[in-house]
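Enquirer: sequence and predicted model, in that order:
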There are 2 protein chains.
Amino acid sequence: MKATRNTAAKTAVLEVLEKSKTALSHTEIHKQLNDLCDRVTIYRILDRLINEDTIHKISNLDGTVKYAKCNHSHQRVHIHNHAHFSCEKCHEITCLETVKPSYIMPHNYKVNEINFTLSGLCPKCLNSNINF
Amino acid sequence: MKATRNTAAKTAVLEVLEKSKTALSHTEIHKQLNDLCDRVTIYRILDRLINEDTIHKISNLDGTVKYAKCNHSHQRVHIHNHAHFSCEKCHEITCLETVKPSYIMPHNYKVNEINFTLSGLCPKCLNSNINF
DNA sequence: TTATTAATTGCAACATTGTTGCGTTTGATT
DNA sequence: AATCAAACGCAACAATGTTGCAATTAATAA
């Protein structure tokens, strides 16, 4: 495989994702970096980080794509099959690392990966709705 | 609510989706209609069909968006919370109407909708892999 | 430290997907 | 047949992602 380098831009992208509690879109990352590097460069860095298994990509119900740092802390083999929550009000996406769905598949399907996204109201927005 | 009309284009779009065993993208529908109507018209028809609850929209892991006819046959109240299977080889998306995941959520989240997509190999592609 | 070289970057151009405004056409109703 | 709002086509635009290429730079060896 190709050697991969640590560049200022890559470090900065990773730092932004590390600091964020929620998954971020390409545009959000670009804004936070404040023209440190080109739009295209960010796409390429995100691709590299995904290949390195440092971040993962989340496709939301509404078609938006977000990125989040992987949590490798507890497993030796990293599995992406956790759930994501997408808030309908604030549009934040959070990883629900502890939520793992169980399900029964029909025969003759080979499942390699699952994507489980729930949407509704996150705790923050749920609380601010109490006054309704 | 606004009155909705039956037009040639709407009938044709619905027919294409009815005949298809798998979910189709906007582009795929457009090609099948063979310039019966404008690209934009198809987007508007799809929006209307979703509002009428005749079809549903599926966002795939890779960011592609597909549409499929709803199966209203057995329930009085139609629920979209079934799973979808996305084949990594032929890229077809099929509705797994019988697969409903069970899961345990953390407190303080209000779940309104769920999206459960599994990817891997569909029965067709799994069989053609036997010779490997 | 300097030279080497392949990975990375910036820029421009392009592709795809989806949206909006507006004048025209058309389906359903009277 | 007349009415009129829904639906349409077209042009223009916006957002998101990709590609080719020349210039720059990080990591390695000399």
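Expert: Yep, that arrived. Residues are numbered from 1 along each chain as shown, chains lettered A, B, ... in the order given.

Enquirer: which parts of chain A are strands?
Expert: A:24-25, A:55-59, A:65-69, A:83-87, A:93-96, A:110-121 (DSSP state E).

Enquirer: list the contacts of the fourth one.
Expert: By C-beta atoms under 8 Å, 6 or more residues apart in numbering or on different chains, the residues outside strand A:83-87 that reach it are A:23, A:58, A:60-62, A:92-96, A:99-101, A:116-122, A:124-125, B:103, B:109. Glycine gets a C-beta too; all of them are placed from N, C-alpha and C.

Enquirer: if we use 7 Å, what do you get?
Expert: A:58, A:60-61, A:93-96, A:99, A:101, A:116-119, A:121-122, A:125, B:103, B:109 (C-beta atoms under 7 Å, 6 or more residues apart in numbering or on different chains).

Enquirer: of the residues you listed, list those near DNA strand C.
Expert: Counting by C-beta under 7 Å from any atom of the strand, nothing from the contacts of strand A:83-87 sits close to DNA strand C.

Enquirer: what subset of those is buried?
Expert: A:58, A:60-61, A:93-96, A:99, A:101, A:116-119, A:121-122, A:125, B:103, B:109 (16 or more other C-beta atoms under 10 Å in any protein chain shown).

Enquirer: who's in contact with A:Glu52?
Expert: Counted by C-beta under 7 Å, 6+ apart, A:Glu52 has contacts A:Thr4.

Enquirer: leaving out chain neighbours, which residue sits closest to A:Phe116?
Expert: A:Ala83 (4.3 Å; C-beta to C-beta, 6 or more residues apart in numbering or on different chains).

Enquirer: so the one you found versus DNA strand D, what's the distance?
Expert: 21 Å (C-beta to the nearest atom of the strand, to the nearest Å).

Enquirer: let me know how buried that residue is, in neighbour terms.
Expert: Using other C-beta atoms under 10 Å in any protein chain shown, A:Ala83 has 22 other residues around it.

Enquirer: and it, what are its bridge partners?
Expert: Beta-bridge partners of A:Ala83, counted by DSSP bridges, are A:Leu96, A:Phe116.

Enquirer: all set now, cheers.
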